[in-house]
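Peer 1: Give me a 3D structure for the following:
(one chain, ligands or ions: 1)
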Amino acid sequence: MIIDAHVHLLPRKVLRDRTPFCKSDQPFGSIYSTEKARIVSGDEIIAYMDDSGINRAIVFGFPWEDRDLVKENNDEIWSFHQSHAERIIPFAVLSSDLGEPTYKEAERTLEGGFAGLGELAVYHRGWSRIDLDALYPIIRLAAMKTVPVLIHVNEPVGHNYPGKIPVDFSGLLQVISDNPDVDFILAHFGGGVFIYSLMPEIRSALARTYIDTAASPFLYDAKIYDVACSIMGSDKILFGSDFPLLPLVRYLKDFDKAGIHGNVREDILGGNVNRLLAGKFQ
Ligand SMILES: [Zn+2]
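Peer 2: Numbering: from 1, shown residues only. Coordinates of the predicted model:
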């Protein structure tokens, strides 16, 4: 079973014409003003899954500043899930404008049956301690509903690219350790923060934290798989493509290079996330 744990579906009206949204939503514009940043339809996601032999995918939108657009995005994700109930696992995005109305959207979507929250991101200003602190009520809600929380995290060093933000690692680790009953998924190999789980106190804080592989062929040498398996354990790594950014095949090449085969490969490609979501959408 192959499950892609990181796929984006944006609202249909954004797919039709992204120009006004590039202007009205600065973080969106900073990533999507180039046509190289692809936007796809639900049908194209299904075609990608069929072509790649992907059984199921976790699909979510973009953390729009405009809360109405967040709601519209989530509603379209939900109807995509409804038309492909066996294959599409819906996660709810939330506005980067964290506050009471955003909490209400988290409540609305989780009560409606969404399987998780994410990918949460604040692309314009980055994850500061203030923004991370503002996540607490939402995370407590996820704990009550026993759903995972997927957070965009990127590496604090190296080349710059659209969507790369500053991340307060100690603030992030504080949020995680203050919520030990929540499953966190840190996107993009957690920006490398998992390395600190070689420290015993961080290891116990990250006991229920997973990292996904999204965009890694653009970021890391294939050796990252070996390093992450050795430090975090192969049971904590989830294949996520960031489609339409990259397809599964690019990741399989890195798996081959890194010598990721057999059970470990199966776990990363779907077994781990399948166990994580056990009882929901199975
Ligand atoms: Zn991301």
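Peer 1: Can you get me a residue count around A207?
Peer 2: Using other CB atoms under 10 Å, A207 has 12 other residues around it. (Glycine included, C-beta is placed from N, CA and C.)
Peer 1: which residues does it contact?
Peer 2: Neighbouring residues of A207 by CB atoms under 8 Å, 6 or more residues apart in numbering: P180.
Peer 1: ok, now how distant is D212 from the ion?
Peer 2: Distance, D212 to the ion, by CB to the ion, to the nearest Å: 9 Å.
Peer 1: what residues are up against the closest residue to that residue other than its chain neighbours?
Peer 2: Nearest in space to D212, with sequence neighbours left out and distances taken as CB to CB, 6 or more residues apart in numbering, is G240 at 3.7 Å. Applying CB under 8 Å, 6+ apart, we find G240 in contact with 4-7, 58, 187, 212-214.
Peer 1: Apply 7 Å and report the result again.
Peer 2: G240 is in contact with 4-6, 187, 212-214, counting by CB atoms under 7 Å, 6 or more residues apart in numbering.
Peer 1: Can you flag the buried ones in those?
Peer 2: Neighbour-count burial (16 or more other CB atoms under 10 Å) applied to these gives 4-6, 187, 212-214.
Peer 1: biggest separation within these, which pair?
Peer 2: Spatial extent of those (CB to CB) is set by the pair D4 and A187 at 12.8 Å.
Peer 1: Number of residues surrounding whatever residue of the stretch 101-250 of the chain ends up closest to the ion?
Peer 2: Here the stretch 101-250 of the chain gets closest to the ion at one residue, H152, 3.7 Å apart by CB to the ion. When neighbours are counted by other CB under 10 Å, H152 registers 21.
Peer 1: Contacts only, for it.
Peer 2: 119-121, 187.
Peer 1: ok, it to F184 distance?
Peer 2: As judged by CB to CB, to the nearest Å, H152 and F184 stand 12 Å apart.
Peer 1: Just the pLDDT at E100, thanks.
Peer 2: We have a pLDDT of 89 for E100.
Peer 1: now swap in the one 5 residues further on and tell me
Peer 2: Turning to E105, the model gives it a pLDDT of 98.
Peer 1: List the contacts of it.
Peer 2: Shown in contact with E105 (CB under 7 Å, 6+ apart): 67, 70-71, 94.
Peer 1: Kind regards, and thank you for your time.
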